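K.L.:
quick check, what structure comes out for this input:
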Amino acid sequence: MIVDARGHRCPTPSLKLQKAMRETPAGARLTLLATDPMARIDVPHLMTGLGGRVVSIDEADGVLTIVVETPGAPTD
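P.N.:
Below you'll find the model as predicted:
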């Protein structure tokens, strides 16, 4: 799933990503597109807090492409 937050300032990219994560299954990968440079800092903090992980962060032509993985299913 692609979450397009280009043109939005902090905290909107993280909020849009968090909303999209609620609509995806455990272990899913999402791609956030953001132009706010703070997303490079905010998203890893968000993922740490939620138990997910950042797979990659790339930047080209002023657009950050951040791939994250939602927290996996509990292993009880």
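
K.L.:
which residues sit in contact with residue 39?
P.N.:
5, 10, 13, 14, 32, 64, 66 (Cβ atoms under 8 Å, 6 or more residues apart in numbering). Every residue, glycine included, has its C-beta placed from N, CA and C.

K.L.:
if we go to 6 Å?
P.N.:
Residues near residue 39 by Cβ atoms under 6 Å, 6 or more residues apart in numbering: 13, 64.

K.L.:
just residue 58 next, same as before
P.N.:
By Cβ under 6 Å, 6+ apart, residue 58 lies in contact with residue 65.

K.L.:
can you tell me the helix or strand for it?
P.N.:
Using DSSP states H and E, residue 58 sits in strand 53-60.

K.L.:
so which bits of that strand are buried?
P.N.:
By neighbour count on 16 or more other Cβ atoms under 10 Å, the buried set for strand 53-60 is residue 54.

K.L.:
residue ranges with poor pLDDT in this structure?
P.N.:
73-76 (pLDDT under 70).

K.L.:
got phi/psi on the residue nearest to residue 64 when sequence neighbours are not counted?
P.N.:
Among residues not flanking residue 64 along the chain, residue 34 sits closest, at 4.7 Å (Cβ to Cβ, 6 or more residues apart in numbering). Taking degrees, to the nearest 10, you get phi -140, psi 150 for the backbone angles of residue 34.

K.L.:
which residues in the chain form strands?
P.N.:
2-5, 29-34, 53-60, 63-69 (DSSP state E).

K.L.:
and residue 59, how far from residue 22?
P.N.:
26 Å (Cβ to Cβ, to the nearest Å).

K.L.:
actually residue 28, not the one I wrote
P.N.:
Residue 28 is 11 Å from residue 22, by Cβ to Cβ.
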